[in-house]
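Visitor: Sharing a model prediction with you, sequence too.
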2 protein chains.
Amino acid sequence: MGRSKGSCMPSQSDSFTGSVWLRPPRAQTGQPSLSREQIVRAAIELLDAEGPAGLSMRRLGTKLGSGATSLYWHVANKDELLELAVDEVLGEVYVPVPGDTSWRMGASICANGMRSALLRHPWVIGLLGLHPTLGPNAMRLGEQLVALFTRAGFSGMALSHATAVLHAHAIGAATSEAAVRSALRRTGKTWQEVAEDVEPYLDRLGPENPNYEKWRKETGPMRQDPDQELEEMYAFGLDRVLDGLELWLAKHPDRTAT
Amino acid sequence: MGRSKGSCMPSQSDSFTGSVWLRPPRAQTGQPSLSREQIVRAAIELLDAEGPAGLSMRRLGTKLGSGATSLYWHVANKDELLELAVDEVLGEVYVPVPGDTSWRMGASICANGMRSALLRHPWVIGLLGLHPTLGPNAMRLGEQLVALFTRAGFSGMALSHATAVLHAHAIGAATSEAAVRSALRRTGKTWQEVAEDVEPYLDRLGPENPNYEKWRKETGPMRQDPDQELEEMYAFGLDRVLDGLELWLAKHPDRTAT
DNA sequence: GACCTCTCTCGTACAGTGTGCGATTGACTC
DNA sequence: GAGTCAATCGCACACTGTACGAGAGAGGTC
């Protein structure tokens, strides 16, 4: 099961202890032609270009000019590689240092960064539910959010809950967004063309969904381009979440934990 | 590429037109020993029991007592099968008819139902970002949410944005939850044991993450069981989202669209 | 120099995957 | 009986993740 030669023992399966992050890094001496960082970056490129199905160890190997199984020296298995890739992507999101802006603006920036990182690398979305993200970049993100929300007046469990709801909104909104964006990309059609395709289906279902039908007729066809429409949707939600948090703060000025 | 014999033409890849939902169902005559519903149900059982990796067409075939490729008569694709499975799961979420409760209570019930369906079938989470969900159960869910939010006072784009933020919270929160739950299940450890495993890692990262470190020390170890802890996190976020929506409603009593 | 050790690379092999294709079965209509 | 057509299935193909063991090359010690 576990690799037997290397400098580190615990098998991947038995515990958190086996997670990439908790394992001591490999000793190294020579001039290895492959490095973990290089592998992770190449994997991200493949995933970005062709989606989850585009990444295979063999293709990754040839992309790097090496044998497929060479990768297994640097990375325990494909799952671990994906974990590393996810954390690498999280490294792209910028969080302002607290004090530069209001907490509300800071939280917005953070959520926006998260959303756009997820939209740049939509394959990450499908991986977030598999493992808790413990990598250094995830930790840094947590650190900066704690700083931000502490200054805002949150503490104790309320603080972690507040950061969680911000995360949840970014992830959930990006999930829905990614779904429609991927459909648009896959079909190569425009927003309007897709709407036309779906229309007969919606008309057929109309009788069963009278309220939706009524809303659809009243609101009329989607008029804006999808980018703008989706971003508005996201922004509306974010504002509601932040309003909700602000309201909570106003009602709990004593800063006691929940 | 596309099947050539059946009663329906469009290949899966070319457009939305090829989606399961937009394609007319197969004509049928005899007493087929396999049915689409049966296949989908069996697939869900496999996925629930063993996760995404547990579902292969061959295993599904033998579970149903038939050849693997027989399934392809009823289902174009594995992807399509997964789409059907996702919609089937969405069929599990209950939304109260409007009028029975306040809109706020109704929205809570809906989000709770979504969350718990996703936690019962965590593999769904990884699929939500791939295609927009258009199945009849997804539509029914939309229908009922439209009804609920219309009575609450939303209309036009604000209505769809409001339903979207509710969805996003349920999905995003369930994603984070599923991640830790899956880790707990996979390792078979308790909350406390995992915390102990991770502690040295967190201590090592402490210097780089002083704010997080400070919060961690002050708040102390996770004391509750994870179920309760995670549910509190989710509920806190939901309340903030609903507060935010309520506030918006209060500021826009004229019911004009955004 | 010879020799050992340890990091790193790679070829081969195995079990398993999704699914295209064509043959086959069986019920139904003329 | 002949023909039609829904439905099932076996086989084959290209491809997957990765276990295993052989080997290359560098560094250290005698």
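Guide: Yes, it's here.
Visitor: use CA for all of it now, contacts and neighbours both
Guide: Will do.
Visitor: Check what pLDDT A:Thr190 gets.
Guide: In this prediction, A:Thr190 carries a pLDDT score of 89.
Visitor: shaky segments in the stretch 1-150 of chain A?
Guide: A:1-18, A:24-32 (pLDDT under 70).
Visitor: show me where it has helices.
Guide: Per DSSP state H, counting those that start in this stretch, the stretch 1-150 of chain A has helices spanning A:36-50, A:57-63, A:71-74, A:78-90, A:103-120, A:136-152. These are given in chain order.
Visitor: Do I have it right that A:Leu249 meets A:Gly153?
Guide: Yes. With contacts defined as Cα atoms under 8 Å, A:Leu249 counts as touching A:Gly153 at a distance of 7.0 Å.
Visitor: Check the gap between the residue of chain A most remote from its centre and DNA strand C for me.
Guide: Distance from the centre of chain A peaks at A:Pro207, with 37.6 Å (Cα atoms, centre = their mean). When Cα to the nearest atom of the strand, to the nearest Å is applied, the distance between A:Pro207 and DNA strand C equals 32 Å.
Visitor: Kindly report the same for A:Ala42.
Guide: A:Ala42 is 14 Å from DNA strand C, by Cα to the nearest atom of the strand.
Visitor: Nearest residue to that residue in space, please, no chain neighbours.
Guide: A:Leu60 (7.0 Å; Cα to Cα, 6 or more residues apart in numbering or on different chains).
Visitor: wait, isn't the one you found in contact with A:Ala68?
Guide: Yes. Counting by Cα under 8 Å, A:Leu60 sits close enough to A:Ala68 to count as a contact (7.1 Å).
Visitor: Pick out whichever of those two has more residues nearby.
Guide: Using other Cα atoms under 10 Å in any protein chain shown as the criterion, A:Leu60 and A:Ala68 rank with A:Leu60 on top: 22 against 16.
Visitor: Now the element after the one helix or strand A:Glu196 maps to, going C-ward?
Guide: For A:Glu196, the element it lies in under DSSP states H and E is helix A:191-205. Toward the C-terminal end, the helix or strand that comes next after helix A:191-205 (DSSP H and E) is helix A:210-219.
Visitor: buried residues in stretch A:145-165?
Guide: Taking 16 or more other Cα atoms under 10 Å in any protein chain shown as the basis for neighbour counts, the residues of stretch A:145-165 that come out buried are A:145-150, A:152-165.
Visitor: try stretch A:94-106
Guide: Within stretch A:94-106, the residues that qualify as buried are A:Tyr94, A:Val95, A:Pro96, A:Pro98, A:Trp103, A:Arg104, A:Gly106, counting by 16+ other Cα under 10 Å.
Visitor: that older thread, relative to chain B, how far out is the residue farthest from the centre of chain A?
Guide: Applying Cα to the nearest Cα, to the nearest Å, one obtains 11 Å for the distance of A:Pro207 from chain B.
Visitor: do A:Ser19 as well
Guide: Noted for A:Ser19: a distance of 10 Å to chain B, by Cα to the nearest Cα.
Visitor: Near that residue, how many other residues are there?
Guide: Other residues within reach of A:Ser19, judged by other Cα under 10 Å, total 20.
Visitor: again, but for A:Ala250
Guide: Neighbour count for A:Ala250, taken as other Cα under 10 Å: 12.
Visitor: Is it part of a helix or strand, or is it coil?
Guide: At A:Ala250, secondary structure determined by DSSP: H, G, I helix; E, B strand; the rest coil is helix.
Visitor: Ok, the one 3 residues further on next?
Guide: The three-state label for A:Pro253, taken from three-state DSSP, comes out as coil.
Visitor: do you know how far the residue nearest to it when sequence neighbours are not counted is from DNA strand C?
Guide: Spatial nearest neighbour of A:Pro253, excluding adjacent residues (Cα to Cα, 6+ apart): A:Gly153 at 7.7 Å. With the distance defined as Cα to the nearest atom of the strand, A:Gly153 ends up 47 Å from DNA strand C.
Visitor: Looking at A:Gly153 now. What's its pLDDT?
Guide: Note for A:Gly153: predicted pLDDT of 91.
Visitor: Need phi/psi at it.
Guide: For A:Gly153, the backbone dihedrals are phi 120, psi 10 (criterion: degrees, to the nearest 10).
Visitor: Hmm, it is touching A:Trp248, no?
Guide: No. Shown here, A:Gly153 and A:Trp248 do not form a contact pair, counting by Cα under 8 Å, at 10.3 Å.
Visitor: Check whether A:His121 really touches A:Ala49, as I assumed.
Guide: No. Using Cα under 8 Å, A:His121 and A:Ala49 do not qualify as a contacting pair, with a distance of 9.3 Å.
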